[in-house]
Every structure is written in structure tokens, then in C-alpha cells.
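S.K.: just need the structure, nothing else, for what follows:
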Amino acid sequence: MAAAGQGMDPLRVGFVGAGRMAEAIAQGFIRAGKVEAQHILASAPTDRNLSHFRALGCRTTHSNQEVLQNCFLVFFATKPHVLPAVLAEVAPVVTAEHILVSVAAGVSLSTLEELLPPTARVLRVSPNLPCMVQEGAMVMARGRHAGSSEATLLQTLLEACGQCEEVPEAHVDIHTGLSGSGVAFVCAFSEALAEGAIKMGMPGGLAHRIAAQTLLDCSSPTMQEPPDLHTRK
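M.R.: Got it, this is the predicted structure:
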């Protein structure tokens, strides 16, 4: 069953910006049954990215204000340098009922609040690419006017895309380096493992599958702490 918004109405979620990360988050919500596809509305200047949302069964528009007028939970998933102009555009239709979530890297909560009406409920989220396969590592921070109920709603929804933890805002940018950029380092390490096996004579496809599975094994809960070698008999 889809999550409820205000009262008994279904939760309507909007995305201003329809790139890969927005698509990944929307896909997670839909697959987990958190939000029905028909209750997701995405906006973008062109149809290039919107076509992916339509393929999921979502509604689309070229009007950013239309998203705010139809959804009370809205994700801003634009490029960071574009976000100030977008916020200025939608500010006239922001109400006290909205929960506004930015996934734009490097844009602080104070900047977001300065560009929006007073008392706007704002949160920041730092996702990473594995959100596309519902195995993301995310952190979130809330602004001055976002309370525990807004944070709980957002965290519950984002857990459809992986692990999500609330942190002080100072930790959000650290997360960008740790988990956002960290994915690239893990991929490079996996590639190096596979290349070593290939040089020893293993077929390339098999080597890459085993390298990927090895890293997956290491991330399992039972491997988070090293075994106590002193207890071995």
C-alpha cells in the first residue's frame, strides 16, 4: 500500500529534475510499494529524461511550478548551479504544507532556506549511484523548520532505495566523498582484482563475476567484524 500523505490522501511525490538519481529514487519508491507510479510527477526542460519516468508509469510536465502545485513532498534533483534559479521560480507556490528535499551536492541548508519562503520545511539528502539497484548508502539532514515527522517520513521512504541515516549537516559533504566518490574506488578495485585473474588465464567474464561476488560477500553483515582467531580450535 502506498504511504499516506495528509489525512487519507495518497502520498504524491514530485521531482524537479529528472536525471538518473531522480529516476533511481522514484524507481525505488515504486518497487517497494511506497508510492504508486501514478502519484509521482516529474518535471524537466526536455523530454529526454522524462521519457524514463513515463516508462515507469509516472506523470511528467515541463512546468516546475506544476510539480509544487500537485505534490506536497518534492525532491529537487537539478544540477547544483541550476538550483538557485529553480528555487526562485517555484518559491511563489511554496506553502507551509510542502516538504522540500534537495539532492543537489554542495548546496547548504542555509542557502536553500534563504532562497525559499520563511519557515519552509527543507531537508538535504546525499544519495549515491547504488540507489539505482536499491542498495544505496544515503544520509539526510534537516533544516531549521523540518521536524521529526518530516525526517521520519523521508527516511522511511528512502529506505526503499537502500540504507538512510539522519546526520548533522556537517556530515553530508563528508558522505559525498565517502560513499558518493567511494563507489568509483570500489569499482577500480574490483576491476584490478579481475584483471589479475585474467592475466593468470581466467576468462574475462568469469573473472569479473567472481570479483564482484567477492566484494558483495565482504559487505554482508556476517563479514562486518573480523573473526576472533583466538577462539579457533
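S.K.: measure the residue lying closest to A120 once chain neighbours are set aside to V167 for me?
M.R.: Leaving out its chain neighbours, the residue that sits closest to A120 by Cβ to Cβ, 6 or more residues apart in numbering is V94, at 5.7 Å. For the C-beta atoms, the positions are set from N, CA and C on the backbone; glycine is no exception. With distances defined as Cβ to Cβ, to the nearest Å, the gap from V94 to V167 amounts to 25 Å.
S.K.: the two: who's more crowded?
M.R.: V94 (19 against 15; other Cβ atoms under 10 Å).
S.K.: surely that one meets V67?
M.R.: No - contact status for V94 versus V67: not in contact, 11.2 Å apart, counting by Cβ atoms under 8 Å.
S.K.: in terms of helices and strands, where is the residue lying closest to R144 once chain neighbours are set aside?
M.R.: Closest residue to R144 in three dimensions, ignoring its sequence neighbours and counting by Cβ to Cβ, 6+ apart: E113, at 6.6 Å. Using DSSP states H and E, the element containing E113 is helix 109-115.
S.K.: neighbours of the residue nearest to C71 when sequence neighbours are not counted, how many?
M.R.: Taking Cβ to Cβ, 6+ apart as the measure, C71 lies nearest to G14, with 3.3 Å between them; neighbours along the chain are not counted. The burial count assigned to G14 is 26, neighbours taken as other Cβ under 10 Å.
S.K.: phi first, then psi, for G14.
M.R.: Taking degrees, to the nearest 10, you get phi -110, psi 150 for the backbone angles of G14.
S.K.: next up, the contacts around it.
M.R.: Contact partners of G14, counting by Cβ atoms under 8 Å, 6 or more residues apart in numbering, are 40-43, 67-68, 70-71, 73-75.
S.K.: and the nearest residue to I30 once chain neighbours are set aside, what pLDDT?
M.R.: With sequence-adjacent residues excluded and distances taken as Cβ to Cβ, 6+ apart, I30 is closest to A37, at 5.1 Å. The predicted local distance difference test score for A37 is 97.
S.K.: pull the number of nearby residues for A37.
M.R.: Here the number of neighbours of A37 (other Cβ under 10 Å) works out to 17.
S.K.: now P80
M.R.: 13.
S.K.: could you do R121 as well?
M.R.: A count of neighbours around R121, defined by other Cβ under 10 Å, yields 24.
S.K.: in which helix or strand would I find the closest residue to R54 other than its chain neighbours?
M.R.: Taking Cβ to Cβ, 6+ apart as the measure, R54 lies nearest to T60, with 5.8 Å between them; neighbours along the chain are not counted. If you go by DSSP H and E, T60 is part of strand 59-61.
S.K.: state the mean pLDDT of that strand.
M.R.: The model assigns strand 59-61 a mean pLDDT of 98.
S.K.: V139 is in contact with E166, correct?
M.R.: Yes - taking Cβ under 8 Å as the definition, E166 is a contact partner of V139 at 7.4 Å.
S.K.: distance of E114 from A44?
M.R.: The spacing between E114 and A44, counted by Cβ to Cβ, is 25 Å.
S.K.: what about these two, which has more around it?
M.R.: The residue with more neighbours, out of E114 and A44, is A44; 23 against 11, by other Cβ under 10 Å.
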